[in-house]
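No sequence on hand, only this structure:
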């Protein structure tokens, strides 16, 4: 897809972060938008940002974990816009927990959004993309779909699954020659609200991590703006890339895993403790209290 003028893009998680910036960038390129999110206030703000762009914009509250809701939204988008060319399965949430301490309810919550939400969006929109004659599926995995991280087993599981699902899909679409393609997106640390909104289980303290400040500490490693990420993703669609790494940290992690397929784990353990462990001052103060 070499240009986006007069195309129609559906975007999940459009109420903030990369989803919002994808909407802004695509609107600037003349692409009509169908936006969704569970955060209606954030979604309304995104709609305001693209309201004067000269493209048609529709929006709807959609929980991507709800298969029926996603399929109903896809039908609505097709009716309101007449066609659909792109689906950005971008919505996602985060969870910090040890495997042993993680609650099944939290695991299911994350998988239903981060993995099944991608599956629902792909399955619901694929027939519509084929009918348009020119389509692209963009599924957001993560660098955590390339590398395992302590306290992130649920997120890793979902993002590894999105990667495998999308790579398999891309090969199938190539074999069919149906005019539709797919890209797996692997962002590094992107300056969005995902860490702030993450669920943090007390069990991460058993890993030597700071359960009270882990999200804030982790967020310090976010070095790429959401707008920069959106532009990288859009360029990847233009180039029909199978996989796109977003941010310099994503490239470093990718090479680390390639060079040390299992040895990287020692480095990651040390980095996790150093970046998300309790500060020395906090540890000393706790010792004095005891």
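Everything's here; your move. This is a predicted model, so every value here is computed, not measured.

May I have the secondary structure class of the closest residue to residue 138 other than its chain neighbours?
Excluding the flanking residues, the one nearest residue 138 by C-beta to C-beta, 6 or more residues apart in numbering is residue 88, at 4.7 Å. C-beta: built from backbone N, CA, C; applies to glycine. State at residue 88, reduced to three classes by DSSP: H, G, I helix; E, B strand; the rest coil: strand.

residues in contact with residue 238?
If you count contacts by C-beta atoms under 8 Å, 6 or more residues apart in numbering, residue 238 has them with 1, 2, 3.

pretty sure the last one is in a helix, no?
Pointing back at residue 3 there. No: using three-state DSSP, the assignment for residue 3 is coil, not a helix.

need the contact list for it.
Counting by C-beta under 8 Å, 6+ apart, residue 3 makes contact with 29, 30, 238.

Give the burial count for the first one, as a bare number.
Same thing as residue 29. Residues contacting residue 29 under the criterion other C-beta atoms under 10 Å number 15.

Now do the phi/psi pair for it.
Backbone torsions of residue 29, given as degrees, to the nearest 10, read phi -100, psi 10.

what's the spacing between the residue nearest to it when sequence neighbours are not counted and residue 136?
Distances taken as C-beta to C-beta, 6+ apart put residue 4 closest to residue 29, at 4.2 Å, once the chain neighbours are dropped. Between residue 4 and residue 136 the distance is 10 Å, computed by C-beta to C-beta, to the nearest Å.

Need the overlap of contacts for those two.
Taking C-beta under 8 Å, 6+ apart as the criterion, residue 4 and residue 136 both touch residue 86.

quick one: which of the contacts of residue 238 is nearest residue 199?
residue 1 (36.0 Å; C-beta to C-beta).

what does the model give that closest one for pLDDT?
Per-residue confidence at residue 1 stands at 80 (pLDDT).

Give me the secondary structure label for the residue nearest to it when sequence neighbours are not counted.
In space, and not counting its chain neighbours, residue 1 is closest to residue 136: 5.4 Å by C-beta to C-beta, 6+ apart. Per three-state DSSP, the local secondary structure of residue 136 is strand.

Next, the contact list for residue 136, please.
1, 85, 86, 87, 129, 180, 181, 182, 183, 237, 240.

Kindly give a single PyMOL line that selects the buried subset of these.
Selection of buried members from the contacts of residue 136 for PyMOL, criterion 16 or more other C-beta atoms under 10 Å:
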select buried, resi 1+85+86+87+129+180+181+182+183+237
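
Of all pairs in the contacts of residue 136, which one spans the longest distance?
87 and 240 (15.6 Å).

In this protein, what residue spans correspond to strands?
Under the criterion DSSP state E, strands of the chain are mapped to 8-11, 32-37, 57-61, 86-89, 95-96, 135-140, 180-187, 190-191, 199-200, 224-225, 243-246.

pLDDT below threshold where in this structure?
Applying pLDDT under 70 to the chain picks out residues 212-219, 221, 279-290.

Could you rerun that using 80?
Residue ranges of the chain with pLDDT under 80: 193-197, 210-223, 275-290.

how about the lengthiest helix in the chain: buried residues?
Using DSSP state H, we find that the single longest helix of the chain is helix 153-176. Across helix 153-176, burial judged by 16+ other C-beta under 10 Å covers 153-163, 165-167, 169-170, 173.

likewise stretch 116-130?
Across stretch 116-130, burial judged by 16+ other C-beta under 10 Å covers 116, 117, 118, 119, 120, 121, 122, 124, 125, 126, 128, 129.

again with stretch 78-85
So stretch 78-85, judged by 16+ other C-beta under 10 Å, has buried residues 78, 81, 83, 84, 85.
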